[in-house]
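Peer 1: Need a 3D model of the sequence below.
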Amino acid sequence: LSKDACPLFLIGNPGTGKTATVNMFAKVRGYEVVIVRGNSESYDSILGYPTTPDDMSEGNLATVRLRPDWFQSILDNEAAGKKSLLFLDEITTAPDLVQAALLHLVIERMVGREKLPDSTLIVSAGNYASNLSNSMIMLAPLMNRFCIYNVVPKLKDLDTFLCRYEGSIAGKRVDYVNETLCKLMKDIDAQEKSYRESHIAR
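Peer 2: Down below sits the predicted model:
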């Protein structure tokens, strides 16, 4: 993934592990997660608060935008040699004006006159329309800017991804949950297989 790659949009039912997936990816790949929640932000808290410049001399009367906290965090990470993953969470429940700000951010990768660092990845998450009220609709221009992944986890996914994920920077197998849980997941799979086979035999 790079700054030129299409931003990702993880969509799925509530509780399917979208946020956990993003945090796991960031931990394995060495990114610092910076979260912007669409349902609790405003237009200005995303693109910066407009203010007058310190120097009001002739020819410098245009307003400037103050850096939002989340953007400052990304700049601080960059200064410290760390990569950032900008996680736009709950974008399907964001008001239209906030979605418009997010659309500008995703397309231009800019806050005011400053660009996001090239090392910053943008990943978003939201729920299906069936999970939302009729008043909550994601704008088509914003959705069209993302590469959309449907998140439908299975027991096998939990066993493979959480217990034996092979994507660490060191190239080694990483155990994020203990062996007891892994064994439990395998036992559940075995019980389900046995149950299906016994019913098919009947």
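
Peer 1: can we go C-alpha only for contacts and neighbour counts from here?
Peer 2: OK.

Peer 1: what residue ranges in the chain score low on pLDDT?
Peer 2: Per-residue confidence for the chain (pLDDT under 70) gives these ranges: 1-5, 53-62, 132-136, 153, 155-189, 191-192, 195-196, 198-202.

Peer 1: Swap in 80 and give it another go.
Peer 2: 1-6, 15, 52-64, 129-139, 152-202 (pLDDT under 80).

Peer 1: Run through the strands of it in chain order.
Peer 2: The residue ranges that make up the strands of the chain, judged by DSSP state E, are 8-11, 31-37, 49-51, 64-66, 83-89, 110-111, 114-115, 121-126, 147-150.

Peer 1: export the ones you listed to TSV and tack on mean neighbour count and distance to Asp96?
Peer 2: Putting those into TSV (neighbours: other CA atoms under 10 Å; distance: least, CA to CA, whole Å) gives the following:
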stretch	mean neighbour count	distance to Asp96
strand 8-11	21	18
strand 31-37	19	14
strand 49-51	14	18
strand 64-66	17	21
strand 83-89	22	15
strand 110-111	18	19
strand 114-115	12	23
strand 121-126	23	15
strand 147-150	14	20
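
Peer 1: Neighbours of the nearest residue to Pro14 once chain neighbours are set aside, how many?
Peer 2: Leaving aside its sequence neighbours, Pro14 sits nearest to Asn127 (CA to CA, 6 or more residues apart in numbering; 6.5 Å). For Asn127, the count of nearby residues is 23 (other CA atoms under 10 Å).
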